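Student: sequence first, then the predicted structure, then my questions.
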Amino acid sequence: MAVAPNGAFVALACNDGRLRVMASDFSQQLSEFDSRSGVPPADVAWCGVDAVALRWEGLLLLVDPYGHWIKRGCDEPVGLVTEVDGLRVITAGGCSLLRRVPEACVQVYKPGSTAPSAQLLDARDLFDSGNAKADKILRQMGGHLQEAVQGCATAAGLELDVTRQKALLKAAIFGRAFVPSMPAGVLKDLTVKLRVLNALRDPSVGLPLTMPQLEALTLPVVVHRLVLMRQHLLAFKIASEALGGVGKQEVLLHWAAAKISASPAVPDDRLKQEIAAKMSQIERPRYAHLAAHAQSVGRRSLAIKLLEEEPSAAQQVPLLISLAKTSTSTSAGAAADADAAEDTLGRALRKAVESGDPDLVYLSLFAAYKTRSLPEFWKLVSPRAPARNLFVKYTRVKEPELLETLYTTNQLHQESADLALERALKALNSNNGSSTAGVYSRPSDDDVNKCISGLQSAAKEYAQCRDAGWQSKAANEAASLFKEQLKLERDTGQVLFVGLSLADTITTCLKLGHQRQAANLRKQFAVPDTRWYWLKISALAAAHDWDGLDLFAGERKSPIGLEPFLEVAQKHGGPREVMMR
């Protein structure tokens, strides 16, 4: 059984020796032929859609839809391949094409033909010989001239002989000059396709196609087949001239990969220059595929050199990382190869940073972190600020202990102090994230102790920095203040001091009557007299402790004068007799 190329018919070679042709849905029998053979054929194939071929050992029989047949002997094993316009017969010594003579060629070459295309061919021959009768033939053709041009062009496309192709094309061009309405590009496209077909039919290529077969395959498929046959030059010319440049990059990539495989003794620099010279013929050539191929055949150095030419960082960086991993896994313990892997990772990180793509930067960072010790990793990352900042941002959220270890190992006191301070404040505010909006939630004693420990660590690290004396002192004082606030809460039994500023802590003590504790805070934190007076008079006035305010005013000479006493008393609604004192 064989299906026609157009899918409309099915040929059936039956056991009774008959050949039946059915519709593809088997709903109707279209024809029947009795081969009168008791031996079933070895093969059945369509010759286009015009005939069916039956092959027995030593015999090939062609049968048309009307029962006409023709036979030919075949003394050697043959293979039958159905084509859209014929039948390809393949033997050990060659390949031949059986097809029905195209109608356009019959119209031109049939003896005594009066078809417009035949007349136009005669007119061209007469014109070439200088015979004036050519003009008479053109005038007699009249309105059939465009039909004649199209007929000659079609026949030229279907003709296999180059000499006849040229004659038919000359006739078509000759007639086209008298048909201005006919598009000029038709003959140009036909000429390009004929040049392609003639090049494919050359024995050195060995891909004989006809025009219908070329149109069924399409030029991109032909280019792909030529690439697989390693006919790179012809494929490149077809892609350039017939396809307007489409497919040139694929041809060059395949050529370059084949050259890399076939040139193991060529130095990397020279081979890279040869490949780059060819690839420069196309816009934005892609080298990542070539670099991957070079890596697969063991040309690691060449792969790195090719990747330097790759314009896409998204293609470049993963391959550089892969090259670094390959070097590490295959040459562990070799100092030179370790340096090369380090350099490759450095290139990957540099290219990722230059691309501005954070995903590529993270990919490079994680690859380096997995394959390098912590000091080596930081040595690679620290000079590149964008990569360093991204890594710090990630570890600050996901692995703060790793970041702390990294800072400590590399004696980065400023960064270590900032991290300790951040962790201290985070511990202090750990309960506020889940508290009701607008309502302060006091941290637990454990969180406060963690905050104190973090502040002390920050103060210690700041102390080792050159210009961070103020930060060290501030962190120490903050830790001391938290300690005093915890002590106040234990002594007074009132849980309301932790988290207050020094001024608010003193003010709260004074309002609640804890004069001794307020005085101790003043002494410990060296609160200036002026500030102390303002805090105390404001607290006494807010608590309506007018006797205490009067007593405080008379203790000694006030560094802020007496007017502030009157102001705070008036502000908090002090009695008239207090104002008169």
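Tutor: Looks like it arrived, so ask away.
Student: which strands or helices does the helix or strand harbouring residue 552 pack on?
Tutor: Per DSSP states H and E: residue 552 is located in helix 546-553. Contact partners of helix 546-553 among helices and strands, from 3 or more C-beta pairs under 8 Å, 6 or more residues apart in numbering; DSSP states H and E: helix 529-542, helix 563-571, helix 576-580. Placement of C-beta: from N, CA and C, glycine included.
Student: need those helices in a markdown table with mean neighbour count and mean pLDDT, can you?
Tutor: Shown next, in a markdown table, are those (neighbours: other C-beta atoms under 10 Å; pLDDT from 0 to 100):
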| stretch | mean neighbour count | mean pLDDT |
| --- | --- | --- |
| helix 529-542 | 18 | 86 |
| helix 563-571 | 16 | 81 |
| helix 576-580 | 10 | 65 |
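Student: reformat the ones you listed as TSV; add distance to residue 557.
Tutor: Listed next are these as TSV, based on distance: least, C-beta to C-beta, whole Å:
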stretch	distance to residue 557
helix 529-542	11
helix 563-571	13
helix 576-580	20
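Student: those helices: which one's closest to residue 20?
Tutor: For the helices and strands packed on helix 546-553, the distance to residue 20 is smallest for helix 529-542, at 114.1 Å, taking C-beta to C-beta.
Student: and the contacts of that closest one?
Tutor: Contacts to helix 529-542, defined as C-beta atoms under 8 Å, 6 or more residues apart in numbering, come from residues 503, 506-508, 510-511, 518, 522, 527, 546, 548-549, 552, 558-560, 564-565, 568-569, 571-572, 574.
Student: what angle separates that helix from helix 563-571?
Tutor: 20 degrees (axes from the mean of the first three to the mean of the last three C-alpha atoms, to 10 degrees).
Student: surely residue 65 is in contact with residue 31?
Tutor: Yes. Using C-beta atoms under 8 Å, residue 65 makes contact with residue 31 at a distance of 5.2 Å.
Student: can you show me the strands along the stretch 1-150 of the chain?
Tutor: With strands called from DSSP state E, counting those that start in this stretch, the stretch 1-150 of the chain shows them at 2-3, 9-13, 18-23, 29-34, 43-47, 51-56, 59-63, 69-73, 79-82, 87-90, 95-98.
Student: give me whichever of those is most buried.
Tutor: Across the strands of the stretch 1-150 of the chain, averaging neighbours per residue (mean count of other C-beta atoms under 10 Å) puts strand 51-56 on top, at a mean of 22.
Student: where does pLDDT dip in the stretch 251-400 of the chain?
Tutor: Scanning the stretch 251-400 of the chain with the threshold set as pLDDT under 70 gives 327-342.
Student: including mean pLDDT and distance to residue 130, could the strands of the stretch 1-150 of the chain go into JSON lines?
Tutor: Shown next, in JSON lines, are the strands of the stretch 1-150 of the chain (pLDDT from 0 to 100; distance: least, C-beta to C-beta, whole Å):
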{"stretch": "strand 2-3", "mean pLDDT": "94", "distance to residue 130": "54"}
{"stretch": "strand 9-13", "mean pLDDT": "93", "distance to residue 130": "52"}
{"stretch": "strand 18-23", "mean pLDDT": "92", "distance to residue 130": "53"}
{"stretch": "strand 29-34", "mean pLDDT": "91", "distance to residue 130": "53"}
{"stretch": "strand 43-47", "mean pLDDT": "94", "distance to residue 130": "44"}
{"stretch": "strand 51-56", "mean pLDDT": "93", "distance to residue 130": "45"}
{"stretch": "strand 59-63", "mean pLDDT": "93", "distance to residue 130": "45"}
{"stretch": "strand 69-73", "mean pLDDT": "90", "distance to residue 130": "44"}
{"stretch": "strand 79-82", "mean pLDDT": "93", "distance to residue 130": "47"}
{"stretch": "strand 87-90", "mean pLDDT": "93", "distance to residue 130": "44"}
{"stretch": "strand 95-98", "mean pLDDT": "91", "distance to residue 130": "38"}
